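> Structure for the following, please:
(one chain, ligands or ions: 2)
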Amino acid sequence: MEEGTGTGGPLFQTYGAKGRTVYKIYASFILMCILSILSYRLTHIPDEQDGVRWAWMAMLSSELWFSFYWIITQSARWNPIYHQTFKHRLSQRHGNELPCVDVFVCTADPVAEPPSLVVSTVLSVMAYDYPSEKLSVYLSDDAGSELTFYALWEACKFSKYWLPFCKKFEVEPRSPGACFFKQSFHSSSNNLSTTKEWSKMKDMYEEMINRIEFVVRQGKVPQELKQHQGFSKWSSEMTSRNHDAIIQILIDEKDENSVDLDGNLLPRLVYMAREKRPQHHHNFKAGAMNALLRVSSEISNSPIILNVDCDMYSNNSQSIRDALCFFLDEEKGHDIGFIQYPQYFDNITKNDLYATSFNVINEVELCGLDSWGGTLYIGTGCFHRREALKGRKYSKDYIEDWKRGSLDKRRVESPSVLEDRAKPLASCTYEHNTLWGKEIGLRYGCAVEDILTGLTIHYNGWKSRYFNPQRRGFLGLAPTALEPSLVQFKRWSEGHFQIFLSKYSPLLFGHQKIKLGLCMGYSIYNLWALNSFPTLTYILIPPLFLLKGISLFPKVSTAWFLPFALVFIAKQAYSLIEALYCGDTFMGWWNSQRMWVFRRITSFLYGAVDNIFKLFGVSKLAFTITEKVNDGDALKQYEQEVMEFHSASPMFVIIGTVALLNAFCLVGGVMRMVNMNKGAAGMDALLIQVVLCGVVVAINVPIYEGLFLRKDKGCMPSSVTFASLGAAMLACLLTLV
Ligand SMILES: O=c1ccn([C@@H]2O[C@H](COP(=O)(O)OP(=O)(O)O[C@H]3O[C@H](CO)[C@@H](O)[C@H](O)[C@H]3O)[C@@H](O)[C@H]2O)c(=O)[nH]1
Ligand SMILES: [Mn+2]
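Numbers count the residues shown, from 1 in each chain. Ligands and ions are numbered 1, 2, ... in the order given. Predicted structure coming up:
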């Protein structure tokens, strides 16, 4: 077959990253250094005095762990790959015969996830550059809130103006919220933002948002605004935890109302609130997704499903076509189970204070995993083959029915009939004694249901691809304060570690089913939680022994010093280069170094401990929804990149204690050296500890400020300051006696 612009040739092409040989040389060099470090530790075990032997063993275990973990992370860097799609070939070859696509949007709480945000996301996916009769959009509302329903109904009316506007002016992004109010919008052609149409559209959007926000502030929909018969499904006894299933088809092709201003058909739009009862566990997002899977199978039953969180709007109107280039490729498409887009955010500040941008994961690691047959399913921005998501095993003989759900194959029924038929599928009891959540659909019982589900799809023989186009496919909201960000990482590390401990564990049981590289790749994240213990060892024991004046590292004057120094320098230099290459700033990299330490000593520690409790049946699975609203002072602080502490979280006590302990030990240890006139000799033996301690102190500067210097609202609560001071001083005193 011929490459280029013709109709022949593949629909997508894959190529490898450059500079891999250099990387492999670098990695072998690090490996040599690591081996030397371990042999130093093993050959220099000290005699027992002052607990030094015990400390030595702790250091050795940590280093063994870090070495093992470092080897695992190589899977994500060994051979990153990238893809390019050829959408013109898709159009030429498939014309109007494109498959139907269902889009699932999930929301769970009208307070944490404002309806105005949700509708912008819904509008962005309705406005894809894709034939409307082949597109269905479903909103799952886990709060069962009439506020959200009201907002969706407003969006439905607004879409009649918005979709033709987007198509006429080729607007990007097609989320009205982002388009009108985010800087990311630069109209490339015809200076759209100065035209009359633009300002008319913008006014209309603002009026809609004002109405929605008014209703949300009221907490209920005023009677005169309930002009849709769907509102009758709400009653005053309903609460978010106790209500009947509600399915409401707002736009349907058989309805005369389903056309836009220009008379063109609109995509189908469905609101779903599954049934909730206090005595039935609802399994969070996975439960919502499974209800959507069933309900949509009655209504549209498209072979392709796109899943986005309510804050992740589509930023690229071509994403469906890009994804189809993978699925429909004649040679390489048949075994593809899902196409994952990266998670990018549009609320990241310049130096990314809380390191929430995932630049390195998005630009390097996920591309690396792709080369082993699959990137992870990360819960949003992912196109699934319906059959793979439902649990079908891959087989060579399986032929996908790409026509399923299309007009000529669909039963023609009225929306109310469809609603009635779909309703029982969203009931609490539907799944009882079925394989839903176990072998069918998204898996239950895991805090990262997405990862576990993706893993089982891989185990079922499907591959996945990671697609990161130049124009971002999706943009979401990252947490904008320290605590929510740490809590989010706690949920992730807990869920991942749970997978590691389960029968699905890729590292322990995955070998026969997926490539070793992918087993390792999954484990990078599965083992996040366990990094907490060696990290704590490394930032607590060396400083305490520095305070005592006891060395745990080789003397600078010996050759053993070299591997330690080289690993430290080479690893930091590499991580800096990698971060800069992925688009971080220098300060951004520095901030991320700090955040990874914080995550390891708090989020990951909690994640590990919670799993241990779970083994004893003490703790239960929970899902803390990440806040998506931030305003007032806190927002200002975020924009100025000033750390926000404010709440008296125990996590902050850990961070504060570690920061203070290192500061005390650094000062105490250096003073001891000076006083005892051991300057040069002391430095010879203790330099590594001084440097280590110094680095920890340097990354903690914002913590000292928060503890002692700042007086604003975002400073550390005094209870945290006292607790950390007390704990750090106690540890130092106990070490000295
Ligand atoms: O009971 C629930 C809880 C959450 N959600 C939805 O799940 C999505 C993700 O929740 P969020 O609080 O935003 O969590 P994040 O930490 O931002 O989510 C990441 O991590 C989750 C797994 O921990 C994945 O499910 C998400 O897709 C991924 O973006 C949101 O759309 C929620 O509305 C529900 O539908 N029902
Ligand atoms: Mn989110």
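> Now do the same contact list for Cys732.
Counting by CB atoms under 8 Å, 6 or more residues apart in numbering, Cys732 makes contact with Leu544, Leu547, Leu661, Phe664, Cys665, Gly668. C-betas here are computed from N, CA, C, even on glycine.
> what's across from the residue in the stretch 201-350 of the chain positioned nearest to ligand 2 in the sheet?
Taking CB to the ion, ligand 2 has its nearest neighbour within the stretch 201-350 of the chain at Asp309, 4.9 Å off. Here Asp309 sits in beta bridges with Cys106, going by DSSP bridges.
> residue contacts, it?
Taking CB under 8 Å, 6+ apart, one finds Val105, Cys106, Gly379, Thr380, Gly476 in contact with Asp309.
> Roughly how far does the third one sit from ligand 1?
What that stands for is Gly379. In this view, Gly379 and ligand 1 are 2 Å apart by CB to the nearest ligand atom, to the nearest Å.
> Which pLDDT value goes with that residue?
Note on Gly379: pLDDT of 96.
> what do you get for the second one?
As summarised for this prediction, Cys106 has a pLDDT of 98.
> ok, back up a step: of the contacts of Asp309, buried ones?
Buried by 16 or more other CB atoms under 10 Å: Val105, Cys106, Gly379, Thr380, Gly476, out of the contacts of Asp309.
> re the thing from before, just among the contacts of Cys732, which is most surrounded?
For these, neighbours were counted using other CB atoms under 10 Å, and Cys665 has the most, 27 neighbours in all.
> residues in contact with it?
Contact analysis of Cys665 by CB under 8 Å, 6+ apart lists Pro543, Leu544, Leu546, Leu547, Cys693, Cys732.
> where does the stretch 601-737 of the chain come near ligand 2, residue by residue?
Thr626 (CB under 5 Å from the ion).
> ok, 8 Å please
Selection of the stretch 601-737 of the chain residues close to ligand 2 by CB under 8 Å from the ion yields Thr626, Lys628.
> got any ranges where the stretch 601-737 of the chain has weak pLDDT?
Along the stretch 601-737 of the chain, segments meeting pLDDT under 70 span 677-679.
> so what are the domain limits for the protein?
Listed by automatic domain parsing, the domain ranges of the chain are 21-78+516-736, 93-343+378-478.
> Buried ones in the helix or strand bottoming out on mean pLDDT in the chain, by neighbour count?
In the chain, no helix or strand scores lower on mean pLDDT, DSSP states H and E than helix 632-639, which sits at a mean of 86. Residues of helix 632-639 classed as buried by neighbour count (16+ other CB under 10 Å): Ala634, Gln637, Tyr638.
> Following that helix in sequence, what is the next regular element?
Counting by DSSP states H and E, the next helix or strand C-terminal to helix 632-639 is helix 650-675.
> now the closest residue to ligand 2 within the stretch 51-200 of the chain: how far from Gln218?
Closest residue of the stretch 51-200 of the chain to ligand 2, CB to the ion: Glu113 (8.6 Å). Using CB to CB, to the nearest Å, Glu113 is found at 18 Å from Gln218.
> quick one, which of the two is more surrounded?
Glu113 (26 against 11).
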